[in-house]
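[1] This is a predicted model, with the sequence first.
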Amino acid sequence: MDLALAPETLARWQFGITTVYHFLFVPLTISLAALTAGLQTAWVRTEKEKYLRATKFWGKLFLINIAMGVVTGIVQEFQFGMNWSDYSRFVGDIFGAPLAFEALIAFFFESTFIGLWIFGWDKLPKKIHLACIWMVSIGTILSAYFILAANSWMQHPVGYKYNKANGRAELTDFWHVLTQNTALTQAFHTLSASFLTGGAFMVGIAAFHLARKKHIPTMRSSLRLGLITVVIAGLLTAISGDQLGKVMFKQQPMKMAAAEALWDGQNSAPFSIFAYGDVSKGHNTVELSIPGILSFLADDNFHSYVPGINDTNKAEQEKYGPGDYRPIIPVTFWAFRWMIGFGMASFAIGLLGLWLTRKKFMLPQAMRTGDDEVPNLVLFKNKALSPKFTKLYWIVALWTVGFPLIANSWGWIFTEMGRQPWVVYGVLQTRDAVSPSVSQGEVITSMTVFTLLYAVLAVIEVKLLVKYIKAGPPELTDDDLHPPTKIGGDRDADKPMAFSY
Amino acid sequence: MELHDVWFVLIAVLWIGYFFLEGFDFGVGILTKLLARDRTERRVLINTIGPVWDGNEVWLLTAGGATFAAFPEWYATLFSGFYLPLLIILVCLIVRGVAFEYRAKRPEEKWQTNWEHAIFWTSLIPALLWGVAFGNIVRGVKIDKNFEYVGNFWDLLNPYAILGGLVTLTLFTFHGAVFTALKTVGDIRMRARKMALTLGLVAAVLALGFLIWTQVDHGDGWSLIAMIVAVVALVGAIGTIKIGREGWSFALSGITITAAVAMLFLSLFPNVMPSSLDPAWSLTVSNASSSPYTLKIMTWCAGIATPLVLLYQSWTYWVFRKRIGTHHIADAAH
């Protein structure tokens, strides 16, 4: 069969498309849930209207986004059985458990409390209503954790044994699956990257409004919250990324070598920042690299030996039998760079923003602005940024919204494609994982349907987001400011309700 | 009773939970065209399920995840075998979720009516297809000795399964009409009652045929008891809605669904997916299940989580227990 249309290739494309699409929403959902919860907490504690307005504004964007995250997530769960039934048969004993845990513990939590939060503004006392959004936030994080534990098992299978009698892998230590270092570092890295994503989203949109001098008090607070989130999350993402790299170096040496297109092993291996030429055929015509950095990333030592693609391929052939154990090198090489590059860029822009908008104790009184004024962007003490550069910063901040999304996608593409030809590293190859009973036509049909549907939904979603972003935070009503004091609401039963649907 | 039997029961419970809960929200979705006369009324209907449909749907995700974990072979055969119907269901669930969330996000009438069409069709099609799918599972499908489905899409459209689909469709719509009567006030409530009566009678005729067919071909003593409970409860649900006891009627229509689904699972046991080619190739609770260790861990998880889920989901229903009507919709908003 033509390789381009082989069921395995199609199933992989479908998994890639649906997963990358799903993962555009997941990080925003995780972070916006927590950030919205934080803003609502600020409102409940201070009763400042700007926080309530911010809660409603970011909450609305969060809801538009989570709707897509939830519906595209259903596809993910069913897809294992539909396109990868031999995978499901082989690893269901292990892989199914975290999925079931996710549903039982996290999904129910998230979806039940989100209903309460959306419809509960008029029905619940303010602290209970606040607790609901925190529950949603906890649900999203737990959900991420279980999924990442499941994925980590595919990257680094532990706590199982192969059962020869029925030809499948069986769980022996679930706790180990949940707490192995791959799972912990991956969760750490993915969650911090999620907050980087949400922080950058908040910064960009706040910048958009501040540049137009609109909704200033709300957007000022949002800008600072977003910037602080970006900087903290950016640091944590870098730290966890470094840890993940070291874990990966030990567990999946091929992926590390492929990330760098390091064909032959060497001491003091360099990290190439940029390469031009054919990375799939060996090293490059133009290259900018820093010696020792790859060794450091892999092993905390600038002089360590890092095995190359060829050495690793040979070692794996000896271990697993004849075959080609190399992933697609140019994809892994560039995916790794784009992940780091876009992630770092968002962090840098956030750091710059935090410096430019600093205020307390560092700026003379004259440079400070009131709560209802656009903050001065101040480069040095007593030296404000010129209007031209101020405007430039707002524009850059707005564009940065997309950066972490790009970084996240490439991060996953790197993680998943760098592991090929394995679906479970060292245990099961991808070509042995597809559904034998599903025809080429069926996969083509479903891939076309999902791709078209996702494309249409993307347009609708983006248009809605833009509409609500442009509209800005809503005006508050008397009801908003005075929530009910008992459960079920103590309002006049017949007055119109502020429904969401 | 071994652990894989326990998990067979738990999976049945998850499907019962799913059909009981999402059953009525599918029904309400269908009624947006059958019952509601204008946009305001459609909005009232949608709002009756607004706070809860998302939580209801999680029962399906949990049933899927639990099947994957507890019966990987069943999960693999079912989901790869019923590829196209599942694709259709997935598309419906995607569009449906988005439709609920996005419908009121723009004021234009066209935007909202488009999403309302979507809500109708994406409630109707899965309500029908789930019955078809379960009809096929109980009837048995072409499974070879490697547990692979070797039939095609058209094999799934046999009279028994299609009748099963019509039963779930009408039963869920009836269940939704009773729920609407229970949750609304005024004119819409009266019409919901009346419509429930008609729908109930249609559902009763279809269900009786389907259940007897099931009993004759696959049943035993236990399934007969479940069938009798289902039929009696359905008659009771119709009777109580006629005299305006909506709460009772809803409880009884719920029991009908519970007993009918229980009957299907009872006729299935100890198979989980019988093979129509050779009984020796059937998937059973023992040859499709996970290892005892996995089942043990899952049992602990389910044992602790399920009561909690029931507790906080019930609380949601209690928080939103008040009836709503057209006068609750502000003039400006639709």
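    Nice, I can see it.
[2] any idea how far B:Val44 is from chain A?
    Separation of B:Val44 from chain A (Cβ to the nearest Cβ, to the nearest Å) stands at 9 Å. The C-beta positions use only the backbone N, C-alpha and C, and glycine is treated the same way.
[3] which residues touch that residue?
    Counting by Cβ atoms under 8 Å, 6 or more residues apart in numbering or on different chains, B:Val44 touches B:36, B:184, B:188, B:324-326, B:328-329.
[4] Among those residues, which are located in strands?
    If you go by DSSP state E, these have nothing in strands.
[5] Closest one to chain A out of these, please.
    Chain A lies nearest to B:His328 out of these, by Cβ to the nearest Cβ, at 5.0 Å.
[6] Give me the neighbour count for that closest one.
    Per other Cβ atoms under 10 Å in any protein chain shown, the neighbour tally for B:His328 reads 20.
[7] pLDDT at A:Lys246, what is it?
    pLDDT for A:Lys246: 87.
[8] Doesn't it belong to a helix?
    Yes: using DSSP: H, G, I helix; E, B strand; the rest coil, the assignment for A:Lys246 is a helix.
[9] could you check the distance from it over to A:Ser295?
    11 Å (Cβ to Cβ, to the nearest Å).
[10] Same question for A:Lys359.
    Counting by Cβ to Cβ, the gap from A:Lys359 to A:Ser295 is 42 Å.
[11] Pick out whichever of the two has more residues nearby.
    A count of neighbours by other Cβ under 10 Å puts A:Ser295 above the other of A:Lys359 and A:Ser295, at 22 against 13.
[12] tell me which element A:Asp264 is part of?
    According to DSSP states H and E, A:Asp264 maps onto no helix or strand at all.
[13] Thought A:Thr312 was touching it, still the case?
    No: the pair A:Asp264 / A:Thr312 is not scored as a contact, 10.4 Å apart, by Cβ atoms under 8 Å.
[14] from the stretch 101-250 of chain B, which residue is nearest to chain A?
    B:Glu101 (3.6 Å).
[15] Next, count neighbours for that residue.
    B:Glu101 has 24 nearby residues by other Cβ under 10 Å.
[16] Burial check on the closest residue to it other than its chain neighbours, number of neighbours?
    Leaving out its chain neighbours, the residue that sits closest to B:Glu101 by Cβ to Cβ, 6 or more residues apart in numbering or on different chains is A:Ala67, at 3.6 Å. A:Ala67 has 24 neighbouring residues, counting by other Cβ under 10 Å.
[17] Now which of the contacts of B:Val44 would you call buried?
    B:36, B:184, B:188, B:324-326, B:328-329 (16 or more other Cβ atoms under 10 Å in any protein chain shown).
[18] What distance do you get for A:Leu10 to B:Ala302?
    35 Å.
[19] what about residue 196, neighbour count?
    I'll assume chain A. So A:Leu196, with other Cβ under 10 Å, has 30 neighbours.
[20] nope, chain B
    Using other Cβ under 10 Å: B:Ala196 sits among 32 other residues.
[21] if we can go back for a sec, with pLDDT and distance to chain A as extra columns, can I get the buried ones among the contacts of B:Val44 in a markdown table?
    Shown next, in a markdown table, are the buried ones among the contacts of B:Val44 (pLDDT from 0 to 100; distance: Cβ to the nearest Cβ, whole Å):
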| residue | pLDDT | distance to chain A |
| --- | --- | --- |
| B:Ala36 | 89 | 14 |
| B:Thr184 | 92 | 13 |
| B:Ile188 | 92 | 15 |
| B:Ile324 | 86 | 7 |
| B:Gly325 | 84 | 8 |
| B:Thr326 | 82 | 10 |
| B:His328 | 80 | 5 |
| B:Ile329 | 78 | 6 |
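[22] Give me the subset of those that lies in helices.
    Under the assignment DSSP state H, those contribute B:Ile188 to helices.
[23] And the buried ones among the contacts of B:Val44, which two are furthest apart?
    Greatest spatial distance among the buried ones among the contacts of B:Val44 (Cβ to Cβ): B:Ala36 and B:His328, at 14.6 Å.
[24] Just the helices from chain B, written as ranges.
    B:3-34, B:39-49, B:53-70, B:72-81, B:83-102, B:109-139, B:159-183, B:187-218, B:221-242, B:246-268, B:292-319.
[25] closest one to A:Ala211 among those?
    helix B:83-102 (28.1 Å).
[26] Can you tell me which helices and strands the closest one packs against?
    Contacting helix B:83-102 under the criterion 3 or more Cβ pairs under 8 Å, 6 or more residues apart in numbering or on different chains; DSSP states H and E are the following elements: helix A:49-83, helix A:440-471, helix B:53-70, helix B:109-139.
[27] Apply 6 Å and report the result again.
    Judged by 3 or more Cβ pairs under 6 Å, 6 or more residues apart in numbering or on different chains; DSSP states H and E, helix B:83-102 is in contact with helix A:49-83, helix B:109-139.
[28] Show me what counts as buried in the last one.
    Of the residues in helix B:109-139, those with enough neighbours to count as buried (16+ other Cβ under 10 Å) are B:111-112, B:115-116, B:118-139.
[29] Can you pull out the low-pLDDT segments for chain A?
    A:1-4, A:275-286, A:489-501 (pLDDT under 70).
[30] and the longest helix for it?
    Under DSSP H, chain A gives helix A:7-46 as its longest helix.
[31] helices or strands next to that one in the packing?
    Counting by 3+ Cβ pairs under 6 Å, 6+ apart, helix A:7-46 packs on helix A:49-83, helix A:126-155, helix A:181-211, helix A:402-417, helix A:440-471.
[32] one step back: would you list the helices of chain B in a markdown table and tack on distance to A:Arg45?
    Below are the helices of chain B laid out as a markdown table (distance: least, Cβ to Cβ, whole Å):
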| stretch | distance to A:Arg45 |
| --- | --- |
| helix B:3-34 | 36 |
| helix B:39-49 | 31 |
| helix B:53-70 | 29 |
| helix B:72-81 | 47 |
| helix B:83-102 | 29 |
| helix B:109-139 | 37 |
| helix B:159-183 | 36 |
| helix B:187-218 | 42 |
| helix B:221-242 | 49 |
| helix B:246-268 | 41 |
| helix B:292-319 | 24 |
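[33] tell me which parts of the stretch 201-334 of chain B are close to chain A?
    B:290-291, B:293-294, B:297, B:301, B:305, B:309, B:312-313, B:316, B:319, B:327-328, B:330 (Cβ under 6 Å from any Cβ of the partner chain).
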